[in-house]
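# fold the following.
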Amino acid sequence: MKITDKLQPITNGASCVAIGFFDGLHIGHKAVINKLCKCENLKPVLISLFNNAGSVIYTEEEKSYLLQNSKLDTMFSLSEDLIKNMTAESFAHDVLNKMLNAKTVVAGENALFGSDKIDVNHFRPIGKKYGFIVETVPMECIGGIEVSSDVIKQTIQEGDFSKVSSMLGAPYLLHGTVVHGKGAGHKFGMPTANLSVAPNKLFPPHGVYGSISHFQGQNHFGMTNIGLRPSDDNIPIPTIETFLLNFDRDIYGQKVFLELLVYIRGIRKFEGGLAEVRQQIDKDIQQIHSYIEETKKNL
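Here you go, the predicted structure:
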């Protein structure tokens with residue numbers, strides 16, 4: 001799959017195109033992409049938009065990581081500013097027809113096109129005018145609720161990661177680079193990987209999580225602490241720290257993709273010193289081990 005932040009002509013053939021923010025790459029987005037990749041004799045092209053208007057479930061780099069094994073031919077990662085002033089007709093003519101040689105456009109049934117917010121039914125005749133058809137994919141629902149990025153953001157903030165995973169079709173992911181921290185984990189004989197993430201990344205509730213870290217082609221279970229460290233310092237800057245189980249190598253500077261599997265507990269201040277903290281950490285790790293074993297049984 002070719003990934004680029006420049007809108008470029010599609011050569012050597014026609015294309016099948018989907019466009020949107022695809023924030024979260026949830027099961028509804030995946031249904032669109034799966035249909036896109038099944039277009040016969042057409043190159044599947046995804047236009048993934050982003051803007052700076054608030055936090056996101058997934059950054060563009062996280063989207064690229066999650067789609068790396070898809071059957072997409074090209075992913076355009078574009079700022080919304082490039083097209084937000086284009087009407088549906090100008091987008092159809094200038095981008096879909098002239099640049100991408102689109103013969104099919106795949107969209108969710110509630111999609112809107114252009115600055116004039118044209119719905120699918122009114123976009124179809126525009127597509128016919130410029131040589132492409134518009135195919136739709138129905139909304140996905142869980143528990144009678146339509147899956148959307150806004151619903152997922154709310155569920156992440158509520159800390160219901162079982163439901164989040166169901167709507168995303170996979171565990172919630174954070175991507176970042178391992179940086180030097182204060183070395184607090186060494187006090188407990190448990191050095192941690194401190195992850196620096198994009199400033200617009202949606203933070204889950206502060207707390208302790210069971211997690212999997214993906215880096216260097218390997219997967220490592222761990223315990224992740226997200227938030228402040230009331231027992232260690234009073235600096236009001238949240239951190240993402242992961243203790244990797246059965247792992248003790250230096251990975252500073254390494255890019256890590258971190259999946260949050262299960263919420264264990266909230267952040268609390270320990271008054272009993274290092275011994276009390278260590279005792280609680282041991283309980284947390286045991287709970288994570290139990291979760292891992294139970295999950296393996298259900299595979």
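# per-domain residue ranges of the protein.
Per the record, the chain has its domains at 2-142, 171-297, by automatic domain parsing.
# any idea how far stretch 203-221 is from the chain center?
14 Å (CA atoms, centre = their mean, to the nearest Å).
# may I see the buried residues of that stretch?
204-205, 207-215, 220-221 (16 or more other CB atoms under 10 Å). Using the backbone N, CA and C atoms, a C-beta is placed for each residue, glycine as well.
# give me the most central residue, this protein.
Tyr58 (3.2 Å; CA atoms, centre = their mean).
# taking the buried residues of stretch 203-221 together, which two end up most distant?
Farthest apart among those by CB to CB are Pro205 and Phe215. That separation is 24.5 Å.
# what ranges do the strands span in the stretch 151-299 of the chain?
172-179, 193-197, 207-215, 218-227, 239-244, 255-265 (DSSP state E, counting those that start in this stretch).
# out of those strands, the one nearest Gln68 is which?
For Gln68, the closest of these is strand 255-265, at 10.8 Å, according to CB to CB.
# residue ranges with poor pLDDT in the stretch 101-250 of the chain?
Counting by pLDDT under 70, the stretch 101-250 of the chain has low-confidence residues at 182-190, 229-237.
# what about stretch 202-219, start to end distance?
23 Å (CA to CA, to the nearest Å).
# do stretch 156-174 as well
12 Å.
# how many residues are close by Ser149?
21 (other CB atoms under 10 Å).
# tell me the contacts of it?
21, 23-24, 26, 57 (CB atoms under 8 Å, 6 or more residues apart in numbering).
# any idea how far it lies from Phe21?
Separation of Ser149 from Phe21 (CB to CB, to the nearest Å) stands at 7 Å.
# just Thr192 next, same as before
33 Å.
# next: Val151.
On the measure of CB to CB, Val151 and Phe21 end up 14 Å apart.
# same deal with Lys35?
18 Å.
# check Gln280 too.
40 Å.
# same question, Lys71
Distance, Lys71 to Phe21, by CB to CB: 21 Å.
# buried ones in the longest helix belonging to the chain?
In the chain, with assignment by DSSP state H, the single longest helix is helix 274-297. Using 16+ other CB under 10 Å as the test for burial, helix 274-297 gives 277-278, 280-281, 284-285, 287-288, 292.
# one more: stretch 245-258?
Within stretch 245-258, the residues that count as buried by 16+ other CB under 10 Å are 245, 251, 256-258.
# okay, how far is it across that stretch, tip to tip?
By CA to CA, the extent of stretch 245-258 from end to end equals 14 Å.
# one more: stretch 194-207?
15 Å.
# cool, stretch 135-152 as well?
Across stretch 135-152, the terminal residues are separated by 25 Å (CA to CA).
# could I get the full set of helices for the stretch 51-200 of the chain?
Secondary structure of the stretch 51-200 of the chain (DSSP state H, counting those that start in this stretch): helices at 60-66, 88-91, 120-129, 149-158, 161-168.
# endpoints of stretch 65-84, how far apart?
When the termini of stretch 65-84 are compared using CA to CA, they are 26 Å apart.
# and for stretch 6-25?
21 Å.
# identify each buried residue in it, please.
Those would be 10, 14-25, for stretch 6-25 by 16+ other CB under 10 Å.
# narrow those residues to those in strands?
Among these, the members falling in strands are 15-20 (criterion: DSSP state E).
# does Lys103 touch Ala14 like I think?
Yes: using CB atoms under 8 Å, Lys103 is in contact with Ala14, at 4.6 Å.
# quick one: common contacting residues for the two?
Common neighbours of Lys103 and Ala14, using CB under 8 Å, 6+ apart, are Leu42.
# nearest spatial neighbour of Glu109, skipping sequence neighbours?
Thr136 (4.5 Å; CB to CB, 6 or more residues apart in numbering).
# mind listing what that neighbour touches?
Thr136 makes contact with 106-109, 111, 120 under the criterion CB under 8 Å, 6+ apart.
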